[in-house]
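Asker: Give me a model of this one.
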Amino acid sequence: MTAAEARARFAAARVARLATADAAGRPHLVPIAFAVAGDTIYSAVDAKPKRTRALRRLANVRANPAVSLLVDHWDEEDWSRLWWARADGRGRVLDPADGEARRAVELLRERYPRQRAEGEVLAVTVERWSGWTA
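Answerer: Residues are numbered from 1 along each chain as shown. Take a look at the predicted model:
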């Protein structure tokens, strides 16, 4: 799979898995809603019930900005249709008042009309798109 095809498949997916690691290298993996703009992936803290808005994924990015995101397609009936696409890059945590964060929230609301971002925004500058297809 070419980088361009991996990016296109990634951008079309509805959910991604975000992998971060803390300063000690302990991994953390969570599913996220996201939007792609060029070679930047955005995700935001939303209004779903949470124990805290100080999410571990954001603390990890502040401590260690190297991140990886993965989307995939599984077809139990036809394994020739299996694929995955990955984005490796560097994360930044944006203040909700930042202009880039406001644009990201608009993109996320267009993509997920029910989402109500109410906090910081994660921006990942993708350094490498990769993937595999059967």
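
Asker: In three-state terms, how would the residue of the chain most remote from its centre be classified?
Answerer: Within the chain, Glu77 marks the point farthest from the mean C-alpha position, 27.9 Å out by CA atoms, centre = their mean. Secondary structure, DSSP: H, G, I helix; E, B strand; the rest coil: Glu77 is coil.

Asker: Need the nearest residue in space to Val15, chain neighbours excluded.
Answerer: Setting aside the residues directly before and after it, Val15 is nearest to Pro31 in space (CB to CB, 6 or more residues apart in numbering), at 5.3 Å. Quick note: C-beta positions are derived from backbone N, CA and C, even for glycine.

Asker: tell me which element that neighbour falls in.
Answerer: strand 27-32 (DSSP states H and E).

Asker: And that strand, what's buried?
Answerer: Neighbour-count burial for strand 27-32 flags Ile32 (criterion: 16 or more other CB atoms under 10 Å).

Asker: got it, and stretch 29-42?
Answerer: Ile32, Ala33, Phe34, Ala35, Val36, Thr40, Ile41, Tyr42.

Asker: From Val124, how far off is the fourth one?
Answerer: Ala35 sits 11 Å away from Val124 when distances are taken as CB to CB, to the nearest Å.

Asker: what sits in contact with each of these two?
Answerer: Ile41, Tyr42, Ser43 (CB atoms under 8 Å, 6 or more residues apart in numbering).

Asker: Confirm that the second one sits in a strand.
Answerer: Yes - counting by three-state DSSP, one finds Tyr42 located in a strand.

Asker: hang on, isn't it packed against Leu108?
Answerer: Yes - between Tyr42 and Leu108 there is a contact at 6.4 Å, judged by CB atoms under 8 Å.

Asker: so what sits against both of those two?
Answerer: Contacts common to Tyr42 and Leu108, judged by CB under 8 Å, 6+ apart, are Phe34, Ala35.

Asker: List the contacts of Asp39.
Answerer: Arg7, Gly89, Thr125, Val126, Trp129.

Asker: How about stretch 93-102, which residues are buried there?
Answerer: For stretch 93-102, by 16+ other CB under 10 Å, it's Val93, Leu94, Ala101.
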